[in-house]
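Enquirer: Requesting a structural model of the entry that follows:
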Amino acid sequence: MSEHNISQILNRNLSLLKSNNPLFINLMADSFISEFLLSYPEAKLSCFNSNFQQFEQHNKNEQYQSFFGASYQEKKQHDLVIIQYPKAKAELSFTLSMLQACVPEQTPIIIVGEKNSGINSSKKSVDTFLTHYQKQDSARHCMLFSGLYKELNTFIMDDWFTYYNVEINDESIKVAALPGVFSQKKLDIGTKVLLDNLPQLTPKELLDFGCGAGVIACALGKVHNACNLTLVDVSALALASATKTLELNNLTGQVIASDSLTNIKGHFDTVITNPPFHQGLKTNYQATEFFLAGIYKQIKMKGSLIVVANNFLTYQPIMAKNFSRVIEKTNQQGFLVYHCIK
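Expert: Residues are numbered from 1 along each chain as shown. I've put the predicted structure just below:
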C-alpha cells in the first residue's frame, strides 16, 4: 500500500496521536491507517469521508468504522480528530463546525495538508473553532498543525448553503451550494457556455455526470418536464447541494454517489457533463477515455453525450473512437462544447 506524503508526516508524529476514540476526516486509506492501528491497537477508530471513492476504500477494512456523507452524523464522542486540509478554506470551517455534537471542548484537533494547499494560512480559518493553534511539523512538502476545540453553538447544515440565481434561456434557476462544491458562489464559465449552446434535444432519461450543485440537470428539467433526471457525483457535499437545488426548483430526480461509473445503472438517451478532469493532462486523458468508453455502453442507440471542456484539451480523437459522430457545437471563452451521437 503506497504512502502519501501526508501519511508520512502523520507517521512521523504518531506520539501526538494517542487516543481512545479518534476520528479521521477525509484521510486516504493508505499505510498511515495501518501504522496508527499497530501503534494504538485499543483505539476505536472512525473514518469519515465526503468523497465516495475514498469512503469505499476505507469501507473494505473491517478494523474500523467508515462513514460517508455531507456531514458527520454519529453521536459518539471523540477524543482526537485529524482533518486533511481541503481545497476550499470555507470547507474547513464547515468541517470544524459539524464536529460540535461529537467533540468535547479542549479536544485535540490535528490539521494536515500539503504546503501548496494553502494550509500555512489556515490560522484565520480556524480561529473561531480552535485555541492554541500552532505548527507541529513540516516535512515531505506537508505541514501539520494542532489546536484545541472550542465550545460552539449547534451546527445547522442549512446555514452553510450559498444561494444564487442563474438565468438560462429565459428560465430562472435557483442554486444552492455547500462549501467546497464546484461553482459554489456563481455559475462557472464552462457550464454557462454549455447551457447556452445545447443541441435541440427532447431528453427522456437524462444523466448529469459530475453534477456539482445540479445546475445542468435543473436547467433541462425545467424545460423538459417529463424527463427523468439522474444526478451523479463523487462528492457528498455536491450531492447534498444538488438535492437542495432540485427542491428549490420543484424538481425531482435520483441523486447518486458514484466513483466514476461504478454506481450508475440503466441506460440514458442523453448524458451531459462538465467533467471534473482537471488534474493534469495525462490524468485528464486517461480519465476521459475510461469515462467515454464506459458511458457509451449506457447510452441508448442514437442517444447523445454532450460535453464541455477546456479548448486546449484534445478530447475529440478520444470521442471519435467511441461515438459515430462528434460535432463541435461552439468554441467560446476558452471552452469547447461537443455533441457526440451514438
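
Enquirer: Please, where are all the helices along the stretch 51-200 of the chain?
Expert: Remark: helices assigned in the stretch 51-200 of the chain by DSSP state H, counting those that start in this stretch are 52-59, 89-98, 123-126, 189-196.

Enquirer: Now tabulate those in JSON lines and tack on mean neighbour count, mean pLDDT and distance to Lys115.
Expert: Glycine gets a C-beta too; all of them are placed from N, C-alpha and C. Listed next are these as JSON lines, based on neighbours: other C-beta atoms under 10 Å; pLDDT from 0 to 100; distance: least, C-beta to C-beta, whole Å:
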{"stretch": "helix 52-59", "mean neighbour count": "20", "mean pLDDT": "96", "distance to Lys115": "21"}
{"stretch": "helix 89-98", "mean neighbour count": "21", "mean pLDDT": "95", "distance to Lys115": "15"}
{"stretch": "helix 123-126", "mean neighbour count": "16", "mean pLDDT": "92", "distance to Lys115": "15"}
{"stretch": "helix 189-196", "mean neighbour count": "20", "mean pLDDT": "94", "distance to Lys115": "29"}
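
Enquirer: Now do stretch 73-83: distance from first to last residue.
Expert: 16 Å (C-alpha to C-alpha, to the nearest Å).

Enquirer: so how far is it from its chain's centroid?
Expert: Remark: stretch 73-83 is offset 21 Å from the chain centroid, using C-alpha atoms, centre = their mean, to the nearest Å.

Enquirer: residues in contact with it?
Expert: With contact meaning C-beta atoms under 8 Å, 6 or more residues apart in numbering, stretch 73-83 is reached by 10, 17-27, 46, 67, 92, 95-96, 99, 101-104, 107-112, 149.

Enquirer: Going by neighbour count, list what's buried in it.
Expert: For stretch 73-83, a neighbour-count test (16 or more other C-beta atoms under 10 Å) marks His78, Asp79, Leu80, Val81, Ile82, Ile83 as buried.

Enquirer: Between all of these, which two are separated the most?
Expert: Largest separation among those by C-beta to C-beta: Asp79 and Ile83, giving 14.9 Å.

Enquirer: From Leu251, how far out is the residue nearest the centre of the chain?
Expert: For the chain, Ser235 is the residue whose C-alpha lies nearest the centre (C-alpha atoms, centre = their mean; 3.0 Å). Using C-beta to C-beta, to the nearest Å, Ser235 is found at 20 Å from Leu251.
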